[in-house]
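[1] Need coordinates for the below:
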Amino acid sequence: MNRETVIAEALGLLDEVGLDAVSTRRLAKRLGVEQPSLYWYFRTKRELLAAMAEAAMAPHATAPLPTPDDDWRAWFLDNTRSFRRALLMRRDGARLHAGSTPTGDLDRIRRKMGFLVASGVPERDAQMAMLAASRFTVGSVLEEQADTGPGGSTDLPADLPPIDHDSAFEAGLTLILDGLAHRAGVRGTPVGE
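    Numbering: from 1, shown residues only. Got it, this is the predicted structure:
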């Protein structure tokens with residue numbers, strides 16, 4: 001057994017039972033070990049959850065970084081969509097990620113910020129846009145993962161249209177991007193034209 005095995009099994013447990021039911025006791029049973037042996041790899045459940053959150057983000061954290069030739073707006077959209085896909089890959093992915101600190105990804109984040117600034121976006125606006133997009137994405141996925149589906153809530157009026165999570169996410173992301181482009185005064189070819 002090693003740290004990577006513990007994290008992989010913990011993520012498998014997350015997918016099976018959800019975040020509320022993940023426990024070191026259950027994980028130890030799944031691994032066929034005594035619970036105290038997990039402390040060799042993680043001193044606390046909080047450390048384990050942080051490692052799980054980092055591992056769950058691997059698909060996004062390994063996505064190609066922007067190049068100087070990339071359109072900053074198209075890249076911004078693609079980057080945020082990649083983040084959403086990574087969160088949706090795991091049951092309770094948004095809850096697992098919320099409140100985590102991407103310490104292992106700080107160099108990549110700096111390079112992404114540098115790309116936006118080099119593209120003409122003021123540094124503070126680039127920081128706030130990345131933060132807003134991240135928090136918007138986590139919130140959107142949190143709502144999507146909590147959705148019980150059609151007929152899941154009897155509190156809603158019958159004539160209320162169902163929520164299309166993909167369309168709602170894209171509309172909100174476009175508003176963030178349009179606001180950033182307007183605020184930054186950065187011109188370019190509109191995405192999709």
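[2] State which helix of this structure is the longest.
    Counting by DSSP state H, the longest helix found in the chain is helix 123-146.
[3] now the very next helix or strand once past that helix, how far from the centre of its chain.
    As assigned by DSSP states H and E, the chain's next helix or strand after helix 123-146 is helix 165-184. Averaging C-alpha coordinates over helix 165-184 and over its chain gives two centres that are 17 Å apart (Cα atoms, centre = their mean, to the nearest Å).
[4] Helix 123-146 and helix 165-184, what's the angle between them?
    On the basis of axes from the mean of the first three to the mean of the last three Cα atoms, to 10 degrees, helix 165-184 is oriented at 170 degrees to helix 123-146.
[5] contacting residues for the spatially closest residue to Leu48 that is not a sequence neighbour?
    Nearest residue to Leu48 in three dimensions, chain neighbours excluded: Phe42, at 4.2 Å (Cβ to Cβ, 6 or more residues apart in numbering). Heads up, the C-betas are built off the backbone N, CA and C, glycines and all. Phe42 makes contact with Val6, Leu48, Ala51, according to Cβ atoms under 8 Å, 6 or more residues apart in numbering.
[6] Can you tell me, leaving aside adjacent residues, what's nearest to Gly179?
    Leaving aside its chain neighbours, Gly179 sits nearest to Ala129 (8.0 Å; criterion: Cβ to Cβ, 6+ apart).
[7] correct me, but the one you found touches Val121?
    Yes - Ala129 lies in contact with Val121 (Cβ atoms under 8 Å); the separation is 7.4 Å.
[8] what sits in contact with each of those two?
    What both Ala129 and Val121 touch, as defined by Cβ under 8 Å, 6+ apart, is the set Leu180.
[9] Next, find the distance separating Asp177 from Glu170.
    Careful, residue 177 is Leu; it's not Asp. To Glu170, Leu177 is 10 Å away according to Cβ to Cβ, to the nearest Å.
[10] That's all I had, so thanks and see you.
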